Structure formats: structure tokens, C-alpha cells
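**Student:** predicted model, plus sequence, below.
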Amino acid sequence: EVQLVESGGGLVQPGRSLKLSCAASGFTFSNYYMAWVRQAPKKGLEWVATISTSGSRTYYPDSVKGRFTISRDNAKSSLYLQMNSLKSEDTATYYCASLTTGGFDYWGQGVMVTVSS
Amino acid sequence: NIVLTQSPATLSVTPGESVSLSCRASQSISTSIHWYQQKSNESPRLLIKYASQSISGIPSRFSGSGSGTDFTLSINRVESEDFSIYYCQQSYSSLYTFGAGTKLELK
């Protein structure tokens, strides 16, 4: 059974940093692209970052480019999101998702990040 | 960036009705569109990939169609568990985007 379990969320002040983690199991993690998707309270879904199998290629929307960094450790079957210079508009539930057969086919339960003073 | 426009924003139906949800892309994206269902306080779930390909474990009443710029998610005879929000998402560009969603609600 595929499982994606996020951790590392919480309350953080504007301008500070936070690092999210996602522990994957139930599939061969190193074979697949992975991504982060977020959802602000009462809002829709927003793609945040994608990483290739080796980690050599990463993609970001303009809203987080230069502030967020996606990375992975295939030996640990883990995905990460380093978030710097956080803003109030980054407040959201952050989901880890896999890209195995097309689309985001597996999702974690999500972790809440609140950016507030 | 590729913009996805979903319509209607809200669709009010009674159980047993069949419905169609629309997703229009700002440029041609072949069949690189995927559909998700999100129930309240739950993670999204992939329903359809690449416009019309079914997903294991998803009820057969869900189907997708379209190519180019116009796409449709159809639900044949809506059941009570189907009342939720539906999103489309494109993977034609490496800069993925989602539509704003269509809320399917009980009439």
C-alpha cells in the first residue's frame, strides 16, 4: 500500500524558514517524480514544486521560485521542501504527491503551515 | 502559464442525475489533463488521467473526454458520496496548473 506521510508543519513568523518532510513507502520511490501541492484555507489547489527521479531537475511556479527548494533522498525514500522568506500568503496545507502513472496519483494527508506574527 | 477555466463554479443536482463538468485550457494541451475529487477535509483523489483514462478503484460512473482545449468530466447518475469539489490539472507544461474547481452540491 502506498503511503505518503508529511511532517514539519507549524506556526512560523513572516520572513523565517521551515522545512517539510515526506516519508514514502509502498512503491519504488527512486523511480518516480515527486511534487508538493498546497491549498490555502478555503481555497483551491496550487502546485508548488516538482523534482525528477535523481533530483537533477526541479520546477517551481513564480509564486515560490527563489524562496522554496524541493529535494529528495532516495536512500531514505524521503522528499523535502525547504521554505525560506515565508509570507502570510504561504499559509496553507501542504501535500506531498507522487507522479507515478500520470497526474498526482497518490497524496499524503497534508501538513499545515501557518505564517503569522 | 496555461490557465484552466472550470465551469460552472457550483452545480446543484439531485442524486440520480447525470452531470458534465467543464475545463477549458488557455492553449491546446493535447490530452494532458487530469481530474481530481476532493471531499471536505480530505486529500484530493485522482479520478481520471490523460483526459479519459480510468483509474483503478474509481467507480465506472466517472468518465472523461476531450482534447485540445476543451475537456469534460462526466458523472453518470450522481450518488450522495459524489458531492464534493472537482479540479482539473494540466501536465502539458512542466509548470503545472489547476483549475479553480467545480463544487457539486445537493439541490
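**Tutor:** That came through fine. From a predicted model like this one, the values you see are computed outputs, not experimental measurements. Residues are numbered from 1 along each chain as shown, chains lettered A, B, ... in the order given.
**Student:** what number of residues lie near residue 2?
**Tutor:** No chain was given, so I picked chain A. 12 (other C-beta atoms under 10 Å in any protein chain shown). For the C-beta atoms, the positions are set from N, CA and C on the backbone; glycine is no exception.
**Student:** oops, wrong one, chain B.
**Tutor:** Residues near B:Ile2, counting by other C-beta under 10 Å, number 17.
**Student:** wasn't A:Ser30 part of a strand?
**Tutor:** No - looking at A:Ser30 with DSSP: H, G, I helix; E, B strand; the rest coil, it is helix, so not inside a strand.
**Student:** and the residue nearest to it when sequence neighbours are not counted, what pLDDT?
**Tutor:** Distances taken as C-beta to C-beta, 6 or more residues apart in numbering or on different chains place A:Asn74 nearest to A:Ser30, at 3.9 Å, with adjacent residues excluded. With respect to pLDDT, A:Asn74 scores 98.
**Student:** A:Asn74 and chain B, how far apart?
**Tutor:** 21 Å (C-beta to the nearest C-beta, to the nearest Å).
**Student:** now that residue. Its backbone dihedrals?
**Tutor:** phi -70, psi -30 (degrees, to the nearest 10).
**Student:** tell me the contacts of it?
**Tutor:** A:Phe29, A:Ser30, A:Thr53, A:Ser54, A:Gly55 (C-beta atoms under 8 Å, 6 or more residues apart in numbering or on different chains).
**Student:** now these: which count as buried?
**Tutor:** Buried members of those, counted by 16 or more other C-beta atoms under 10 Å in any protein chain shown: A:Phe29, A:Thr53.
**Student:** which of the contacts of A:Asn74 sits closest to chain B?
**Tutor:** A:Thr53 (14.4 Å; C-beta to the nearest C-beta).
**Student:** and the contacts of A:Asn74 as TSV, adding pLDDT?
**Tutor:** What follows is the contacts of A:Asn74, written out as TSV (pLDDT from 0 to 100):
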residue	pLDDT
A:Phe29	96
A:Ser30	96
A:Thr53	97
A:Ser54	97
A:Gly55	97
